[in-house]
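J.: could you look at this predicted model? Sequence included:
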Amino acid sequence: QVQLVESGGGLAQAGDSLRLSCAASEYTFRGAGMGWFRRAPGNEGEFVAAIAWNGAITSYANSVKDRFEISRDNAKNMVFLQMNSLKPGDTDVYYCAATPRPHSTDNREYDTWGQGTQVTVSS
């Protein structure tokens, strides 16, 4: 089973940038669709971005489109989320997740999740 470890979260001011990283173990990473989700305590996971197993397709939530960019490095088993023009509304815990599907934006189709990394954006 794929195991995921996120890093790169922290404190930022509005307008700043942060880059989240997700390190995956297990050789099956290369065939897995990958996604980033965020969830504040008490809320359901919100889709942020997803990338297909081969990087050919990317999808974004409307709230982050044109500000965030998802990418992956299959040689290093890594997924990244570049977050630009951060807003206080982006404050949340961000989770990296893997799906056995080639690509998905539905959190119900993801079966492996990291522990999450906190992103806090002040105004």
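T.: Received it, and whenever you're ready, just let me know what you need. Numbers count the residues shown, from 1 in each chain.

J.: can you pull the contacts of the residue nearest to R72 when sequence neighbours are not counted?
T.: Nearest non-adjacent residue to R72, counting by CB to CB, 6 or more residues apart in numbering: V79, 4.7 Å away. Where C-beta positions appear, they are placed from N, C-alpha and C, glycine not excepted. Counting by CB atoms under 8 Å, 6 or more residues apart in numbering, V79 touches S21, C22, A24, M34, W36, I51, I70, S71, R72, D73, C96.

J.: helix, strand or coil for the nearest residue in space to V48 that is not next to it in sequence?
T.: The shortest distance from V48 to any non-neighbouring residue, by CB to CB, 6+ apart, is to W36 (4.3 Å). Secondary structure, DSSP: H, G, I helix; E, B strand; the rest coil: W36 is strand.

J.: residues touching W36, list them.
T.: Taking CB under 8 Å, 6+ apart, one finds L20, C22, V48, A49, A50, I70, V79, L81, Y94, Y95, C96, A97 in contact with W36.

J.: ok, now with 7 Å
T.: For W36, the contacting residues are V48, A49, I70, L81, Y94, C96, by CB atoms under 7 Å, 6 or more residues apart in numbering.
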